[in-house]
Every structure is written in structure tokens, then in C-alpha cells.
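The following comprises the amino acid sequence and a computationally predicted model.
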Number of protein chains: 2
Amino acid sequence: MANMFPFSAADMQTKEPASLCDLNEPLIDHSEGQHFLNETFKIIMEEVLRKGTDIKEKVCEWKEPEELALLLDLELRATGEPRHRLLQRVKDVAKYSIKTSHPRFFNQQYGGVDYHSLAGRFLTEALNTNLFTYEVAPVFVLMETEVLRGLRQLVGWTEGDGIFCPGGSTSNMYAMNLARYRLFPEVKSQGLWGLPQLTVFTSPESHYSVKKGAAYLGLGTDNVILVKVDDGGRMIPADLDEKIELAKSQGAVPFLVSCTSGTTVQGAFDPLDHIADVCQKHKLWMHVDAAWGGSVLFSKQHRHLMKGVDRANSVAWNPHKMLVAGLQCSVLLLQDTTNLLKQCHSANATYLFQQDKFYDVNLDIGDKSVQCSRKVDCLKLWLMWKAVGSDGLAERVDRAFIHIRYLVEQMKKREGFHILGEPEFVNVCFWYIPPSLRGKEGNADYQDRLAKVAPVIKERMMKQGTMMVGYQPLGNRVNFFRVIVFSPLVSQKDMDFFLNEIERLGNDL
Amino acid sequence: MANMFPFSAADMQTKEPASLCDLNEPLIDHSEGQHFLNETFKIIMEEVLRKGTDIKEKVCEWKEPEELALLLDLELRATGEPRHRLLQRVKDVAKYSIKTSHPRFFNQQYGGVDYHSLAGRFLTEALNTNLFTYEVAPVFVLMETEVLRGLRQLVGWTEGDGIFCPGGSTSNMYAMNLARYRLFPEVKSQGLWGLPQLTVFTSPESHYSVKKGAAYLGLGTDNVILVKVDDGGRMIPADLDEKIELAKSQGAVPFLVSCTSGTTVQGAFDPLDHIADVCQKHKLWMHVDAAWGGSVLFSKQHRHLMKGVDRANSVAWNPHKMLVAGLQCSVLLLQDTTNLLKQCHSANATYLFQQDKFYDVNLDIGDKSVQCSRKVDCLKLWLMWKAVGSDGLAERVDRAFIHIRYLVEQMKKREGFHILGEPEFVNVCFWYIPPSLRGKEGNADYQDRLAKVAPVIKERMMKQGTMMVGYQPLGNRVNFFRVIVFSPLVSQKDMDFFLNEIERLGNDL
């Protein structure tokens, strides 16, 4: 920004710019604005949706940060810019952004595109609704309730509560706060000081938001106790039971078990039914972080992975992941029917949640949230669900499993691919072993050299823009790739491409 | 939803639907999808943007909840629906939603429309970017940094840090967490148990998120100490100083003062410079909740309201409010240059924030957030800022003040309007005194009768759909209206309309 205003007496001047004079004209030119929006829409259709989903086009257009900053000319200035330059900016933003809808974006648990969902998102943006009262959000108060009901029904609950949150981390933290409040409602007014030390149990492969939540909510990451997992990354219920007993014997008060349905890296499903037995025995709140895996509940064939979820107290589930609803779309579902969510989070602001309104104020759901302004995240999911039905969503889930099965079979046929374990879900974790390392497992520098393979392949694929896939170490296993397949735009040919491309990029390493 | 799947042995079946067979075709029909998106765009343009901003059209189409639920047919079913029915649903959602862009939506601190911002929002949705690493969000990592720099510069800081958050409440809570961590970094791992009782200071007219934050972060609402305000709703620094001394004498550890620039109801600005003296004396973190008022910093004429803000440690500011950037657009700005945000919030997940990447991993800003998935909220503000410049944004702020000045002058000329105090900002709080109550201030039932006026007028305006404005009680003052003017679509004629309409609706009460 070129000009900066210091605080000075001169600030107090009351001279008005000439353009303020005509106070009967709005400051916005609708015709010009709508023209600009129309032109932007065309760019979106061409650059993001057509080219951005075309396998003949790049997934990314890599630029070094310094170069990209120059290209984008990000600086904010005192004066505005003409239409043609602004439209060029729209094109540039589209051009240099990652095409997350591209069939070869395998990098993360979001991506792909559903046009009905996207239509719902455009409508959401245009309506600019704040979801806190029926007064300002009549359609969305009712719609959110219905979508939550539909999702709860898949969990197996005919009653309950829930809320859309800005992401799975927030959903998980809400569960933590609710569990704490149920046990010690005085925490809301008095804080943690008077309470015994509270402990949370989760697996080392659970999402990092469990620890972030413990820190944020004042519990401390040391009070997150990690329960052992089996080879597939699934929590071991017997170890959970032991760890709970141990914590109790040390004077702590266990209050929450945070299980995972679909771990981030391996896609593992904790054995919910057995964990529920342990939670029941110790009377602990059972939370299921199904941000990633929850969508299997749509599939008759695969929902068994979450057997026992109906015994949980709460479930976090992100339809923006496997269902391609678009960022963000995350829900916290609750079995509770006692209005715990509102009791725990409410502040009863009189300027917003007046009790003398002319309609049923139970429809003013905003006080269930720790947010005040809350974005509408239900419309995109609702419209997509209406468009393809539960059956259509189930088909997408089933299809992803089929693609993964094919991918794994092909990997087994190829010499350079070594999977870390049979996938339970749609994550496949594997090492690519370049020819120079094959048969050298016994060498002292094998692990060090293997660890460097994935980062180099990743750099090459990004610089060439052909595809994107993530890698990471885990425990004592050095860098391996984690490929994720769920986008409804992906076909079997993309699986073949994926394998060929890894080989092409890593063959000489 | 019509069908529900029980958990049973039958779930394990492996039969595949026929439609899964052609695995080389994507499940999404691009041509059909793009057609649908095009049609939706036309509906948005006509229903939301043209009619929705036309003063000859209604602001809202009131329906009782039961009736609206029937009209919308919200139920989610097993099978999908044809295009024409889905497009009718898009129309219905638009029709029955509140037109927050309408010039006569005076209900809350969001509303209005800026087409450049809206174009940025559509592009954001289409790109579906997750803002956590440079790898997946190269454009937006750089853009967010630049926008934060521009906003910090308006605060008066040449260096610092910051982050976009899902709403002002979250921004305020981040400040609370940072202040706590700066004083006692061990809180992150050990929780609050080993720490002395921590206290927060704010005014009774501050936003309710301060209390919500104290509850959520484990501090407890009792540890939010309310500092007296003057008649205009501004925190009294002398009382702050006394309350801090008192808390200290009782063994508590004061750690944060949360001031407000633009209170929710009255639009009051706490005297930041004097509060900064008190914070400096006691070495407390000074946070400024400028979610509503922050945009005055663009105006040479009005930025004096926030004199002293450059002495704060953190500032929350929501450009989705006065700047019409669209929900959500909220920032937390920090003077800190020690990377406190990342130290306090990071979890160092190895699957996401790998340290062996081929680019500078300091660009992977995601670990500054307590969220994992984080929506891109900077593009809409950046594009709007590029379009009209700082000068254009300043003009909008200045114009809002002029409209409010006119509105207040007109109120003073009319018999039935009684303002609660001279507005500092663009909130006007007033009672409408219907003819039957004029001159009856001495009657025993006057306050009771006056309290019922605003709710009835509100009900009438909503059922007729002519405009929307909020009301509330405050302290010992019974229900009064709070009108807020900031939308760039508003003209002086709308001010006249507002007054006439209140009179028309309340004249017979």
C-alpha cells in the first residue's frame, strides 16, 4: 500500500470529497458490477472448470515464490484499477492456483468437483447469509436441521443434535468441550482450576487437532494419552483400557476417547464397537473423528468399517472430503437430546437472541456455536444430495474403493512399488523403490536414500505439473507416498497414469 | 431420508451395482454439470442480485417455519432429481432467503454487495483451495500475506503477523490464547492446572465472544472482569486500572484487556490510548476487538476514533462487516515479530508440514491456525481493494457517516423518535414512541408498554417484507431499535424511507 495515514490533528478535518455529494446515488454501479461478475463467471468456466479438469492440462503451474509475487502484482494501492486489468487478475489467480478439481490431484483429502454442490456454493455466496437466527436465515435454519438429521440417520440415530463447523478440527474441539462440560458443568463459569486433571485418549495416528484442541481448551497436550495401534494403525482397545486404568490410578480423570474412522495417513478405522465397550465400562464420552472416513456410512458395502458408531456420543464428519461438497463442509453430530450444545456454548446475547420475538426462538440456533457469524455450509451438500440421492453418493464411495483395489493390484504387479500394508480405505501408502535401490535393503544407507526418493519425485511432478500426491514419514518408516482416490472425476486410466508417472519421474533415482 | 441401513451381516455383500462397471468414465457429466451451473448463475443474477437489491422488491418473504418447510421439501432421499426440479429448488432457496444485499436490510453488521468481492468469492469456491501450504495454495499464501500487511499498515505497524479466521469470535479467542501463551508458554503442554488464576478485562458492552472464549479456553466466564463504561458505552480507563489492582490484590493474574472499537449495539469506541497506558503500566496484553469498527482506519476523517490502536498487541477486524467483503472475512492482526502465532498453535504434523520440501517451508503457514482445513478468505477482499483502492474503501466509510448524520438530524425533527445518545459511529439506537405513549413518560406502565413497541413493529415489517432492523434491551433500557448504515447500496432516500416506514408501522401502537 502506497499511502499510510499517521494519527495526527489533520485527521480531524471535515472536508468531504466531491463524490460524496450525490447522496441519492449508491456507490456501486450495478450494471458495471454485473458485467464484471459475468466476465469472471466465463473465466471460471473456462480456466477452472474446463481446463482445470482436463487431463491434457496441468494440475499446477509451479513458480518460485519471488517470481509468482511479481507476476501477481499483489500490492494494494490507493486508487482502483480498470476492468480489463482486474479481469486479467482473475485469470492470473486461476492460472497460478492449484487445480484441485483435476483428476490427477491426489494430494489431499479434498479435491474434485461436483457441479450441483458448486452451484449451491455460488448461491450461498450471493445470498451472504449469516446462520444464527431464523429471522435472517429461515431457509438455512431448516435446511441445516434436515441435513444434520439425514447424516445422523446414517450414523444410526433417530434423535440428536449437531452443528456445522468451520472444519473438522473445530468439530473435534467442540466434542472435547462438550464432554468436559457434561462431566463438570461448572467449568464454563469457573474454568479448569478447581477441577481434577482431565485426560483424553486417542491413537498416535489420530488427527493433530486432538492435541491442538487440548492445548487450545486449556487441557494441555500432555493430557492427551496415546493408545497403541496395531500394524494397520487401528487403536488397540485392550491398551486403551489399561491406559485409562493407569491414568485413574495416578489421580487423573479420564473423560474422552477420541477414536478415528479413517486416519489421515493410513486410512485406518479404529474398532468402534470394542472401544465403545471400554468407554461404557469407564463411562467416558466416546467421540469418533470420522472427518475423513464418515462417508463410508453411505455405502451398504463398506459401512461395516464403522460398526459401533451408533454407540458414540459424538461424530465429526467432513462431507467436503470424500463427498466433494467443497471447503468447508464439516459437521459435528451428537446423540444428545438434552440441548447440551446450547447449554455448553450459549452466551444469551440479548441483542441477537431476543426472547420476545414473534416466532419460536428455538429456531435461533446460533447460540449452539462458539462462533457468532457462521457461514452457511449446508446448502451445497443439500443440493448435491438432492441431485444424486443417497444412492448416488453411495456409488461414489463404492467406486473409490474399486479404483483403490485396482491400483493396489497393479502396484503388486510392478517391481518398484512396495505398499506399507493392505489398505482398509482409499488411502494407499507405498514406497517407490527406484532401480538403483532394489535389492539393496541390507545396505546401511538404504533408509537414508529411500527417504530422499519421494521428495525428489514430488519436486519433479510439481515443476512439470503432471500430478500431485503427498508423502510423509510415519513412526520409524521413512518418507513414503500416500495416494488418495475419491474424486468422482477419476477413472481407471488415471490409476494407470499415476503408476506410470511415478516410474517415469523416479526411474533414474 | 427414506432408507436407513442397519448394521448387519448383509452389509458385507460384495455385489457391485452395474453402473460401477465402466470404470473408465468419470461419475460426473461435465456438460450437464456446467449447464446446471450456468442456469443457476442466471437465477442468482436475476433473483438475488437484481431483484434482491431493488427497493421495489421485498427484503424478505416471511413464512412460518412449518409452511416454509413444506414449500422447500427439504427431505433427503435415496434417488436423485431431474434438472428442472433442482433449478426450481435453487429459485425457492433464493426466493425465501433474506435479501441481505437489499438497501433496506439494516438488521445486522453485514449486508450489501460488492460485485468485485463477489467475483472473488465465486472464484474462491471454484478453486476450492485449502490454505495451509504453499504447495497447494501458492497464490493465496502470498496474497493473504500481502492483505495482512496492508491492514497492519493501517493499524500503524510496519512489521508483524496475522491470520484470517472464521469470524471475529475466533479472532478474539486467538488473541486470548496468544496472550496466555506469551505469559505461560507451559500452558500448551501442561494445561491450566499449574497456573495461577488468570483474568481478562473487558467492558459489559464488548462482544459476547470474550465470555464465550473464556469458557471455551478453560478460563471460565467468572474470570472475565467487567470494567465500567461511560454513558456512551466506552470503557473507563480509571476503572480498568482499579479492577486490575483489585484482581491482583486477590491473588489473580490479569493477562489480557479486550477493548472494543465499535461495540455491537451502540457502536462505541473504547479510548485506546488511555487503555494502552493502563496495559503498559501493568504489562498486560492489549487486544482490540475492532471487528465492527476497524474499517474506520481507511478514513482520514474518522480514523482518530481508534487513536492508540498501534499500541495494541493484537487487533481483530472483520472486513465482511463495513467493507462488504462477504461472509466470512475476519483477520487477527499482531504486532508480534517472534512467530508467537505459530509457536502457540503448531502441532508440526509430519504428513502436512514436511521439513524436507523443495521450497522455503516458512511459506507453509497452516500451523499458525488451530484449524487444519482453512478456507481462503483473502481473495474477495484483495480483488475489491484492487478494484476501488484504499481511497474507494475510505469513501464508503465516510459516506456511511454522512448518511447516519442525516438520519439523526431527521430523527430530531420528528416527534416520535428518541435517540439514546449521539452516535459515535454508524449505529443509531433509538426508541420509536408511538402517539399513544407520547408525554406519558411518567406513567407506571410506560416502560412496559414502550418495551413492546419494537417487537410489534419488527413483526409487521418482516411480514410485509419492507425492511429489516434489529432491536434489543440494554442494561436498564427497554427494547430499542438499533439501525446500522454502511452498505454502499444505500442512498439518502433510504434514510427517509426508514423513518417513514417506522412511523407507518408503529403509528397505531
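Received the coordinates, thanks.

secondary structure element for A:Tyr181?
In this assignment (DSSP states H and E), A:Tyr181 forms part of helix A:168-183.

Now do the strands in chain A.
For chain A, the strands defined by DSSP state E occupy A:105-106, A:161-165, A:198-202, A:224-226, A:253-260, A:285-289, A:314-317, A:330-334, A:417-419, A:427-432, A:468-474, A:477-484.

out of those strands, nearest to B:Ser117?
Closest of the strands of chain A to B:Ser117 is strand A:161-165, at 22.7 Å (criterion: Cβ to Cβ). C-betas here are computed from N, CA, C, even on glycine.

pLDDT of that closest one, averaged?
Regarding strand A:161-165, the rounded mean pLDDT is 98.

and the angle for that strand with helix A:168-183?
If you take axes from the mean of the first three to the mean of the last three Cα atoms, to 10 degrees, strand A:161-165 sits at 140 degrees to helix A:168-183.

Not counting stretch A:452-468 itself, show me its contacts.
Under the contact criterion Cβ atoms under 8 Å, 6 or more residues apart in numbering or on different chains, stretch A:452-468 has outside partners A:58-62, A:98, A:104-107, A:431-434, A:437, A:469-471, A:479-481, A:497-498, A:501-502, A:505-506, A:509, B:135-136, B:354, B:356-358.

just the buried members of those?
Buried residues within these, counting neighbours by 16 or more other Cβ atoms under 10 Å in any protein chain shown: A:58-62, A:98, A:104-107, A:431-434, A:437, A:469-471, A:479-481, A:497-498, A:501-502, A:505-506, A:509, B:135-136, B:354, B:357.

Can you give me the end-to-end span of stretch A:225-240?
When the termini of stretch A:225-240 are compared using Cα to Cα, to the nearest Å, they are 9 Å apart.

now do stretch A:329-339
Start-to-end span of stretch A:329-339 (Cα to Cα) is 23 Å.

which parts of that stretch are buried?
Of the residues in stretch A:329-339, A:329-336 count as buried by neighbour count, 16+ other Cβ under 10 Å.

show me which of those residues neighbour chain B.
Contacts with chain B within the buried residues of stretch A:329-339, as defined by Cβ under 8 Å from any Cβ of the partner chain: A:Ser330.

so which of the buried residues of stretch A:329-339 would you say is closest to chain B?
A:Ser330 (7.6 Å; Cβ to the nearest Cβ).

The closest one reaches A:Met173, doesn't it?
No. Here A:Ser330 lies out of contact with A:Met173, judged by Cβ atoms under 8 Å, at a distance of 11.4 Å.

And the average pLDDT for stretch A:122-131 is what?
98.

what about that stretch and chain B, any contact?
Yes. Stretch A:122-131 comes into contact with chain B (Cβ under 8 Å from any Cβ), by way of A:122-123, A:125-130.

so which two of those are the farthest from each other?
A:Phe122 and A:Asn130 (17.6 Å).

sorry, back to before: make JSON lines from the strands of chain A and add distance to A:Ser390 to it.
Formatted as JSON lines, the strands of chain A follow (distance: least, Cβ to Cβ, whole Å):
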{"stretch": "strand A:105-106", "distance to A:Ser390": "26"}
{"stretch": "strand A:161-165", "distance to A:Ser390": "18"}
{"stretch": "strand A:198-202", "distance to A:Ser390": "30"}
{"stretch": "strand A:224-226", "distance to A:Ser390": "36"}
{"stretch": "strand A:253-260", "distance to A:Ser390": "24"}
{"stretch": "strand A:285-289", "distance to A:Ser390": "20"}
{"stretch": "strand A:314-317", "distance to A:Ser390": "15"}
{"stretch": "strand A:330-334", "distance to A:Ser390": "16"}
{"stretch": "strand A:417-419", "distance to A:Ser390": "32"}
{"stretch": "strand A:427-432", "distance to A:Ser390": "24"}
{"stretch": "strand A:468-474", "distance to A:Ser390": "30"}
{"stretch": "strand A:477-484", "distance to A:Ser390": "23"}
